[in-house]
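Asks: Based on what follows, work out the 3D shape:
(3 chains)
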Amino acid sequence: MHIPYYVDLLGVFAFALSGALAARGKKMYVDIFGVSLTGFITAIGGGTLRDIILDIHPLAWIRDGNYLIVIGAAVITSVFFSRSISKIPTTIFLVDTVGISLYTILGVQKSLAVGVNPIAAVILGMVSAVFGGVIRDTLINEIPIIFRKEIYASACLAGAFLYVLLNYFGVGPNLSFFSSIALIVLIRLVAVKYKIALPKITD
Amino acid sequence: MHIPYYVDLLGVFAFALSGALAARGKKMYVDIFGVSLTGFITAIGGGTLRDIILDIHPLAWIRDGNYLIVIGAAVITSVFFSRSISKIPTTIFLVDTVGISLYTILGVQKSLAVGVNPIAAVILGMVSAVFGGVIRDTLINEIPIIFRKEIYASACLAGAFLYVLLNYFGVGPNLSFFSSIALIVLIRLVAVKYKIALPKITD
Amino acid sequence: MHIPYYVDLLGVFAFALSGALAARGKKMYVDIFGVSLTGFITAIGGGTLRDIILDIHPLAWIRDGNYLIVIGAAVITSVFFSRSISKIPTTIFLVDTVGISLYTILGVQKSLAVGVNPIAAVILGMVSAVFGGVIRDTLINEIPIIFRKEIYASACLAGAFLYVLLNYFGVGPNLSFFSSIALIVLIRLVAVKYKIALPKITD
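Replies: Coordinates of the predicted model:
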């Protein structure tokens, strides 16, 4: 299934919003520039890294100014409505979960479309979804969420793997798309609700 | 206005010098390799990131060995003359300020020249100027200056925005160039002199 | 000398193994995903950065799934055999030393082959060998080894420089290759055995 343009922009909005909100409450000076930059990097980081790795040019936000306008809107929203938004953490969580699901499968589709091997496509799907946040966390000196005790990137990998598998066995694009999205959302919901983590590896 | 080759090299020298000097006084072991690497990354990081994002190849320092020779000279200068240089912090500050101004507008020009949308061109101008330092600070585990209480990248954004605006309204290239440079220098000087910061965003 | 395919894969295995082992013993939650990601980034980070800088596409691990399978095998080895491996630190050290030597000269060869200036080729050789580890250390919030008190990247630079020099003076490819590898291994062994470091630079 081809993801429509406005769904893509909605995903950018969700990611920029969660990125901008993440800049708050840090033990550092946060001004409007810091909030904008973290929102921007969270929203475009993963897709930019994927497209640079795949040599797909021009990048979406270079070609099309609407992405940046949407990011600006998300930053403004985060500044003026943060009090109301912070009252609805479940909403943010759900938006983020839908966001990473969409981005993962979109990333896998783009990778397969340019002839990437299936394992790399699975990895690049996950990279699209989570590396914006990873770059942001690294810049502000936090351990990225993917190295913390939570199933996050693993859910993306599982969904990406399912998509590649269904695709390989000739399952129709719409069914593959929705099943994979559903798997990611499901794993994430169950993992958070029941506090499930991957087992720790110790010596 | 086309920035002459030697002005470009001068900017590289200034950035490499400030980067190499920044490596000193850190709470870590700093040898000639560490100083060289931080000088190198500070000098070429922003432009390299911009050109990779824009898919402009070959990169300047890949094509032309003079950039690396100039960086080497700056590193040697920082090692042998650091005592004298550290007595003139105002000089370093001014060199850095002129450096980021030049790099910003050069970055905007390069971006517009390859048909980038104006908002992205403004962002890439800022990226050219400050991301060498951001990458350096991230590598040595410091919070980058752009996330600290100082107007730095914001000045670059303002100058870049002015340049795009003047360009849009058909103002001549020389006037646009010098006005934008002047705006960045002015904002930076005033902000540092009067300790002006963007307002903090809190919940 | 052309590095045979299986030697390349062996280097990937060695790097992925050392990366995966490095994830252990950190003061953070490490699960199978974290171990895999650090192994993956350590193994492909340096070469990926080099090829993006040089605009060489498609990247090896994008084109050829075997790299990722080998990385997976290294990760599994690190999980199941870590107790035995940790008893043989000298072996790990030697594998890593051979790994960085091979990667350095391979990086220089690739760079010269696409017409890069010799100084940049030396730098890119070093980048190929050590930046996988640098990216990994940055992500998990450690000061990269190259900024610590140890001769590591400097050994790579010395070997890369020797290779470029021998190449310039028309020395045969096999002799150049083995001499440069030997120089890197020798510097690293001597530096570690006699605890030699580059002199500290202080004000």
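Asks: Next one: A:L17 from chain B, what distance?
Replies: 14 Å (Cβ to the nearest Cβ, to the nearest Å). The way it works is simple: take the backbone N, C-alpha and C, and place the C-beta from them, glycine included.
Asks: ok, and the closest non-adjacent residue to that residue?
Replies: Nearest residue to A:L17, sequence neighbours excluded (Cβ to Cβ, 6 or more residues apart in numbering or on different chains): A:A74, at 4.3 Å.
Asks: I'd assumed that neighbour was in a strand, is it?
Replies: No - under DSSP: H, G, I helix; E, B strand; the rest coil, A:A74 sits outside any strand and is assigned helix.
Asks: any idea how far chain C is from it?
Replies: A:A74 is 25 Å from chain C, by Cβ to the nearest Cβ.
Asks: Wait, that residue touches A:T42, no?
Replies: No - using Cβ atoms under 8 Å, A:A74 makes no contact with A:T42, being 9.5 Å away.
Asks: Please identify every residue contacting each of the two.
Replies: Taking Cβ atoms under 8 Å, 6 or more residues apart in numbering or on different chains as the contact rule, A:A74 and A:T42 both touch A:A16, A:A20.
Asks: which of these two has more neighbours?
Replies: Taking neighbours as other Cβ atoms under 10 Å in any protein chain shown, A:A74 and A:T42 compare with A:T42 leading, 30 against 25.
Asks: buried stuff in stretch A:144-162?
Replies: Residues of stretch A:144-162 classed as buried: A:144-147, A:150-162 (neighbour count, 16 or more other Cβ atoms under 10 Å in any protein chain shown).
Asks: so does that stretch get close to chain B?
Replies: No - Stretch A:144-162 does not reach chain B (Cβ under 8 Å from any Cβ of the partner chain); its nearest approach is 12.4 Å.
Asks: can you list the residues of chain A near chain C?
Replies: Proximity of chain A to chain C (Cβ under 8 Å from any Cβ) is limited to residues A:52-55, A:116-120, A:123, A:134, A:138, A:141-144, A:146-149, A:153-154, A:157, A:197-203.
Asks: Which of the residues you listed fall within helices?
Replies: Cross-referencing the residues of chain A next to chain C against helices under DSSP state H gives A:I52, A:I53, A:L54, A:P118, A:I119, A:A120, A:I123, A:V134, A:T138, A:A153, A:S154, A:L157.
Asks: show me what contacts the second one?
Replies: If you count contacts by Cβ under 8 Å, 6+ apart, A:I53 has them with A:L124, A:V127, C:T48, C:I52, C:L59, C:I62.
Asks: and if we set it to 7 Å?
Replies: A:L124, C:T48, C:L59, C:I62 (Cβ atoms under 7 Å, 6 or more residues apart in numbering or on different chains).
Asks: in chain A, which spans are strands?
Replies: Using DSSP state E, chain A contains no strands.
Asks: Point to the helix or strand of it where mean pLDDT is at its lowest.
Replies: Ranked by mean pLDDT, DSSP states H and E, the weakest helix or strand in chain A is helix A:82-86, scoring a mean of 68.
Asks: Quickly check the contacts of A:I53 for the two that are furthest apart.
Replies: Based on Cβ to Cβ, the longest span within the contacts of A:I53 runs between A:L124 and C:T48 and measures 12.0 Å.
Asks: Spell out which parts of chain A neighbour chain B.
Replies: A:24, A:28-35, A:37, A:48, A:52, A:57, A:59, A:61-62, A:64-65, A:68, A:79, A:82-83, A:86, A:138-141 (Cβ under 7 Å from any Cβ of the partner chain).
Asks: Just the buried residues of those.
Replies: By 16+ other Cβ under 10 Å, the residues of chain A next to chain B give A:24, A:30-35, A:37, A:48, A:52, A:59, A:61-62, A:64, A:68, A:79, A:82, A:138-141 as buried.
Asks: where does chain A dip in pLDDT?
Replies: Applying pLDDT under 70 to chain A flags the ranges A:1-3, A:25, A:27, A:83, A:85-89, A:202-203.
Asks: List the buried residues of the longest helix seen in it.
Replies: For chain A, the longest helix by residue count, based on DSSP H, is helix A:89-113. Within helix A:89-113, the residues that count as buried by 16+ other Cβ under 10 Å are A:95-112.
Asks: quick one: contacts for the residue nearest in space to the middle of chain A?
Replies: Closest to where the C-alpha atoms of chain A average out (Cα atoms, centre = their mean) is A:A129, at 3.0 Å. In this structure, A:A129 makes contact with A:G46, A:I100, A:Y103, A:T104, A:G107, A:C156, judged by Cβ under 7 Å, 6+ apart.
Asks: Surely the first one touches A:S128?
Replies: Read that as A:G46. Yes - here A:G46 reaches A:S128: they are 4.6 Å apart, a contact under Cβ atoms under 7 Å.
Asks: okay, and the common contacts of these two?
Replies: What both A:G46 and A:S128 touch, as defined by Cβ under 7 Å, 6+ apart, is the set A:Y103.
Asks: Next, count neighbours for the residue lying closest to A:V95 once chain neighbours are set aside.
Replies: Using Cβ to Cβ, 6+ apart and skipping residues adjacent in sequence, the residue nearest A:V95 is A:A14, 4.4 Å away. Residues within reach of A:A14, counting by other Cβ under 10 Å, total 23.
Asks: which residues does A:A14 contact?
Replies: Contacts of A:A14 (Cβ under 7 Å, 6+ apart): A:V95, A:D96, A:G99.
Asks: run the last query once more with 10 Å
Replies: The contact partners of A:A14, taken as Cβ atoms under 10 Å, 6 or more residues apart in numbering or on different chains, are A:42-43, A:74, A:92, A:94-100, A:102-103.
Asks: do you know how far A:S111 is from C:F13?
Replies: Separation of A:S111 from C:F13 (Cβ to Cβ, to the nearest Å) stands at 24 Å.
Asks: A:A160 is in contact with A:K110, isn't it?
Replies: No - A:A160 is beyond contact range of A:K110, at 11.8 Å (criterion: Cβ atoms under 10 Å).
Asks: got any residues that touch both of the two?
Replies: Taking Cβ under 10 Å, 6+ apart as the contact criterion, the common neighbours of A:A160 and A:K110 are A:A121, A:L124, A:G125, A:S128.
Asks: The first one and A:G107 touch, don't they?
Replies: Yes - the pair formed by A:A121 and A:G107 meets the contact definition of Cβ under 10 Å, at 8.1 Å.
Asks: joint contacts of those two?
Replies: Common contact partners of A:A121 and A:G107 (Cβ under 10 Å, 6+ apart): A:L54, A:A160, A:Y163.
Asks: Let's have these in CSV, adding distance to A:G19.
Replies: Listed next are these as CSV, based on distance: Cβ to Cβ, whole Å:
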residue, distance to A:G19
A:L54, 23
A:A160, 22
A:Y163, 25
